[in-house]
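Student: Sequence first, predicted model second:
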Amino acid sequence: LALKEFEERFLGPSIERRKKIIKKSDEDNLPKDILTALLLNQDKLELPHDVLMREIAFYLLAGAQTSIHSLVHTFHEIMIWIEKNPNQKTRISDPIFIQKCVHESMRLHPASPVAWRKPTCPVKIEKNTHLKEDDLLVMDLYTANRDVGIFGEDANSFNPDRELKSQQNLWGLTFGIGLHMCFGRDLDGGVSPNQETDPSKHQYGVVTLLIKKLFEHNVQRDPKNKPERDIKTERPNWGKYPVIFGEKK
């Protein structure tokens, strides 16, 4: 029902508007959005309409809800960390440190806690595990991201100073891995810094920049309105997180 409403109210009219624009304009003056790109390449892609609809709907979800999810969780984790470490509060003025907080929070709170895959042919995973065609393989990213063998004995805790001995990413499997890795990883989480990173030229990612801007405006949790969990999903997400702002720093 939701996809049907999305089709009637948003996607259908949007497709018609873009088809008219494509006919009247040259490619340099066309809208820079995913729907226009798909329509321009329809002859090459040959996407059925239902696939096109799902791709656009998923793009909206992946491009908006996941970033909001990460933003709220990171803010909450930082505020709890500051309460426990008040003498280190000044560190939130450092965007490199904020990004480490973002990556650590993303590890603890992946936007998609599981990933599903179906093999297209029989395959042996390991030892005595055999999958038949169309078997469902569920990968528990949430639990994998808290593996004490990789992330240490405090793997279930928020530790922005976490150091890993392995080549594992600080955010774990939150963005997936391999062929199915999220193509928005560097946009959302940025590029991991190293000792040679120039802070003035670094790619921090959208979530880090949003958190940085919030603290520049002296953001605080609203003492009169407590945050509330989202009861419409089994995922441990926030449904309401009131904040207030003070004078800009």
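Tutor: Good, I have the coordinates.

Student: what's the closest non-adjacent residue to the residue positioned nearest the centre of the chain?
Tutor: In the chain, the centroid-proximal residue (C-alpha atoms, centre = their mean) is T66; its distance is 4.0 Å. Spatial nearest neighbour of T66, excluding adjacent residues (C-beta to C-beta, 6 or more residues apart in numbering): A111 at 3.9 Å. From N, CA and C alone the C-beta is placed, and that goes for glycine too.

Student: and the gap between that neighbour and K240?
Tutor: To K240, A111 is 18 Å away according to C-beta to C-beta, to the nearest Å.

Student: Those two: which is more packed in?
Tutor: Neighbour totals were compared for A111 and K240, and A111 leads with 21 against 11 (other C-beta atoms under 10 Å).

Student: ok, the more buried one touching L71?
Tutor: No - counting by C-beta atoms under 8 Å, A111 stays clear of L71, with 10.8 Å between them.

Student: who does the lengthiest helix in the chain touch, helix- and strand-wise?
Tutor: For the chain, the longest helix by residue count, based on DSSP state H, is helix 66-84. Counting contacts by 3 or more C-beta pairs under 8 Å, 6 or more residues apart in numbering; DSSP states H and E, helix 66-84 packs against helix 95-108, helix 185-188, helix 206-216, strand 238-240.

Student: Need the contact partners of it.
Tutor: For helix 66-84, the external contacting residues (C-beta atoms under 8 Å, 6 or more residues apart in numbering) are 88-89, 92, 98, 101-102, 104-106, 108-109, 111-112, 158, 160, 184, 188-189, 206-207, 210-211, 214, 219, 221, 227, 237-238, 241, 243.

Student: just stretch 37-47 next, same as before
Tutor: Residues from elsewhere that reach stretch 37-47 (C-beta under 8 Å, 6+ apart): I15, R18, K19, I22, E27, L30, L52, E55, I56.

Student: Also stretch 211-222?
Tutor: 71, 74-75, 78-79, 92-93, 95, 98, 101-102, 204, 227, 241-249.

Student: now with 10 Å?
Tutor: 70-71, 74-76, 78-80, 89, 92-95, 98-99, 101-102, 105, 204-205, 227, 241-249 (C-beta atoms under 10 Å, 6 or more residues apart in numbering).

Student: chain center to it, what's the gap?
Tutor: Computed by C-alpha atoms, centre = their mean, to the nearest Å, the separation of stretch 211-222 from the middle of its chain amounts to 20 Å.

Student: Repeat that for stretch 205-214.
Tutor: 13 Å.
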